[in-house]
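Engineer: Fold the following, please.
(2 chains)
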Amino acid sequence: MSPAEPTRDTALLHIDWTRCDGRGLCAELLAEILDRDEWGYPIARPGVLRDGDDPSDIPVHPSLRAAAEQAVAMCPLAALRLTTR
Amino acid sequence: MTIVETPVAASVTVTRLLAAGPHAGLAAHLAAFGAFDPTRVGPALVRELERSGLTGRGGAGFPAWRKQAATVDAAGRTRRPVLIANGAQGEPASSKDSVLLRNAPQLVLDGVLAAAAAIGAHRVYLYAGADELAAVATAIDERTAAGAAGAKDAARITLVEAADTFVSGEASAVVGAIERGTPLPRDHAKRLSTSGLNGRPTLLHNVETLAQVGLIARFGADWFRSVGTPEDPGTRLVTISGDVPATRVLEVAGGSRLGDVLQQAGCDLGATQAVLVGGYHGAWVGAGEMDARLSREGLAPFGASPGAGILVALSSRRCGLAATAQIVDYLAGQSAGQCGPCMFGLPAMAATWDDIANGAADATRRARLTRLAEAVDGRGACAHPDGTVRLSRSALRVFRADLEQHAHGRCHHARRAEARA
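Structural biologist: I've put the predicted structure just below:
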C-alpha cells in the first residue's frame, strides 16, 4: 500500500521510548508501516515519514486504524498510544 | 580549569546582565539597575516579551513569550501554573549559568518573580547546582533582611539541587527531578506548558532567559532591542573554551560575528581549524566559516545554532576526528539508558567513531555512521540522540579532508595523540 496521505486528522502512533523494550508485536500487526531496527525496536518503513515528521509519531492510514488500535491494546509494555496531529 | 569572569570592553561585548559587578549583592544590584518591584508585573509582560523578541537561552531558542502564553492558555482557574527556573548545567562546556547565578542572583530573582507574577504561578522552583543555589539562597536572605521588593515571594521559592549528569538539565528531566527526585527525561506526548509538574501547566525557562526577562520588565522591549540585530536582538552569555588561553564567559551582542567572539576570548583564529558551536549537542563550524553570525539564522546553514551559547575552539594541532570520537564516547556514556535506540545506538556510534579516529576511516565505517544516525535521530524521549547525531554529521562535513587521510592510515595533525589525552 502507499504511505498514509497525511491530513490534519491523520492518526499518529506515538511510541513512548522510555517504555518500549522492542518486543516486536506492533511491527507484526502493522507490518505495512513498521519494521524493526537492528536492536528490535519499531521503526517506520521507508516512505512512511515525511520531512519534518517526528519518528516517534508514525502516521497511520485509516485502513490500518483497527490494526493500530490492536497494537496499542496488545503492547505488553503499554508503550503505544494513538494521537492526532 | 581557570574561569575568567571579568568581561573586557570591546566591540562585541555588552555589559547588561553582569552590570552590577562580581558577586553583586542587593546594594550593588539596586545601584546598577535601580529600584523595581517584580511582584507588580502583570499579564502584559507577555506582550512586552513578544515585542522584545527574546528567545530561550537554555538551548532550544524558543520564543520566550510563546511558552508563557501557552502556559497561561492551559491554566484554568483550578489549575494554576508552576514556574521552574532551570540553572542546571549538565553540559560540560557551559559555565554561563553558573557565572550568572553566582554573580547576578538578584537579577535572576527579579526575572523569576516577574514571570511568576505575570502567569499567576502557584509555586516557583529554582533548579541548579549546590554552589549556585547557595548564592541564590544568600540573595533571598538579603532581600528578606532588607525588606526589599519581592522579599516575601522570593522566600517562597523552592530551591532544588540539580544532579550532575548531562541529561539532568533537559526540561522533562528537571520536572522529574523536582517531582520524584529522578532527573530522567520522560515521554513528550504532551507539552510541559499543558501538563508538566504534577500535571500542572508548567513554564520552564533557563535562568539567563529569566534574567533577561528581569531586564525587559524593568526597561522595556525597545531598550532590549537597542543592541543586537533585528533577527537576534539583545545580548547573550557565551562560554568560550577549548584551545583558548582560558575558559571565559562573555556577554555579547546578538548576531555577533563568530570570529569576533572567539578573538575577544583570546582565541588565535590563525591557529584554529574549527569551533564546536552550541556544545556537545551542537555542530562543528570550520575555520573558513568564521564570518557566520552567532544567531539562529546565521548558523542554520552549518546545521548549528547558538544553543546555550557554547563555543569550543579546536586548534590546528589537534585532530577533529579524535576530538569528535572523544565527545561521542562521552555522550554515549551519558545516555540515561531509558530508550533503546539511544541506549544501543550511541555506543555503536562511539565505537565506530573510535575506529575512524584510530585510522580505520574506510567507506564501510562511514556508511555505518550514516545508517546509525538514521536509526537514532528523533527516536528518544529527549533530544540526547538527536544532539549526538547532529555532532556526528557535522564532523563528517567539516573534517572531510581528515577522513580521507585517516582512510589511508594517516593523520596530518602531528599531535593527534594530544587530543585524545
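
Engineer: got a pLDDT number for the residue of chain B found nearest chain A?
Structural biologist: For chain B and chain A, the shortest gap (CB to the nearest CB) falls at B:Cys339, measuring 3.5 Å. For every residue, glycine as well, the C-beta is placed using N, CA and C. For B:Cys339, the pLDDT comes out at 97.

Engineer: what's the closest residue to chain B within chain A in contact with, if anything?
Structural biologist: Closest contact between chain A and chain B, by CB to the nearest CB, is at A:Trp17 (3.5 Å). A:Trp17 sits next to A:41, A:56, A:79, B:187, B:338-342, B:379-381 when contact means CB atoms under 8 Å, 6 or more residues apart in numbering or on different chains.

Engineer: leaving aside the residues next to it on the chain, what's closest to the residue of chain B closest to chain A?
Structural biologist: A:Trp17 (3.5 Å; CB to CB, 6 or more residues apart in numbering or on different chains).

Engineer: Doesn't the one you found belong to a strand?
Structural biologist: No. Under DSSP: H, G, I helix; E, B strand; the rest coil, A:Trp17 sits outside any strand and is assigned coil.

Engineer: Pull up the gap between it and B:Ser168, please.
Structural biologist: Distance check for A:Trp17 against B:Ser168: by CB to CB, to the nearest Å, it reads 18 Å.

Engineer: again with B:Ala149
Structural biologist: 32 Å.

Engineer: Next: B:Ala300.
Structural biologist: B:Ala300 is 28 Å from B:Ser168, by CB to CB.

Engineer: Look at these two and report which has more neighbours.
Structural biologist: Set side by side, B:Ala300 and B:Ser168 show more neighbours around B:Ser168, with 24 against 11, by other CB atoms under 10 Å in any protein chain shown.

Engineer: List the contacts of the more buried one.
Structural biologist: Contact analysis of B:Ser168 by CB under 8 Å, 6+ apart lists B:88, B:90, B:162, B:174, B:177, B:183.

Engineer: Could you tell me how far it is located from B:Leu197?
Structural biologist: Distance from B:Ser168 to B:Leu197, by CB to CB: 16 Å.

Engineer: Then B:Ala177?
Structural biologist: 10 Å.

Engineer: now B:Gly278
Structural biologist: 27 Å.

Engineer: These two: which is more packed in?
Structural biologist: Higher neighbour count among B:Gly278 and B:Leu197: B:Gly278, with 30 against 21, using other CB under 10 Å.

Engineer: List the contacts of the more buried one.
Structural biologist: Applying CB under 8 Å, 6+ apart, the residues contacting B:Gly278 are B:59, B:299, B:304-308, B:310.

Engineer: Now B:Arg47. Nearest residue, chain neighbours left out?
Structural biologist: B:Trp65 is the one closest to B:Arg47 (CB to CB, 6+ apart), at 7.6 Å.

Engineer: Could you look up the next helix or strand downstream of the helix or strand that neighbour falls within?
Structural biologist: Element membership for B:Trp65 (DSSP states H and E) is helix B:64-74. Using DSSP H and E, the helix or strand that follows helix B:64-74 towards the C-terminus is strand B:82-87.

Engineer: how far does that following strand sit from the chain's center?
Structural biologist: Centroid separation for strand B:82-87 versus its chain: 14 Å, with CA atoms, centre = their mean, to the nearest Å.

Engineer: quick one: contacts of the helix or strand following it?
Structural biologist: Helices and strands here follow DSSP H and E; after strand B:82-87, the next one along the chain is helix B:96-103. Here helix B:96-103 makes contact (CB under 8 Å, 6+ apart) with B:3, B:5, B:17-18, B:20-24, B:87-89, B:108, B:128-129, B:131-132, B:135-136, B:206-208, B:211, B:237-239, B:249, B:308-309.

Engineer: make it 7 Å
Structural biologist: Helix B:96-103 is contacted from outside by B:5, B:17-18, B:22-24, B:87, B:89, B:108, B:128-129, B:131-132, B:135-136, B:206-208, B:211, B:237-239, B:249, B:309, using CB atoms under 7 Å, 6 or more residues apart in numbering or on different chains.

Engineer: What is the burial count for the nearest residue to B:Glu161 once chain neighbours are set aside?
Structural biologist: Leaving aside its sequence neighbours, B:Glu161 sits nearest to B:Ala130 (CB to CB, 6+ apart; 5.6 Å). Using other CB under 10 Å, B:Ala130 has 10 neighbouring residues.

Engineer: returning to that earlier point: out of the contacts of A:Trp17, who has the most neighbours?
Structural biologist: Going by other CB under 10 Å, B:Gly380 tops these with 30 neighbours.

Engineer: Quick check: which element contains it?
Structural biologist: Counting by DSSP H and E, B:Gly380 is part of no helix or strand.

Engineer: give me every residue that touches the nearest residue to it once chain neighbours are set aside.
Structural biologist: Spatial nearest neighbour of B:Gly380, chain neighbours left out: B:Cys339 (4.1 Å); criterion: CB to CB, 6+ apart. For B:Cys339, the contact set (CB under 7 Å, 6+ apart) comprises A:17-18, B:380-381.
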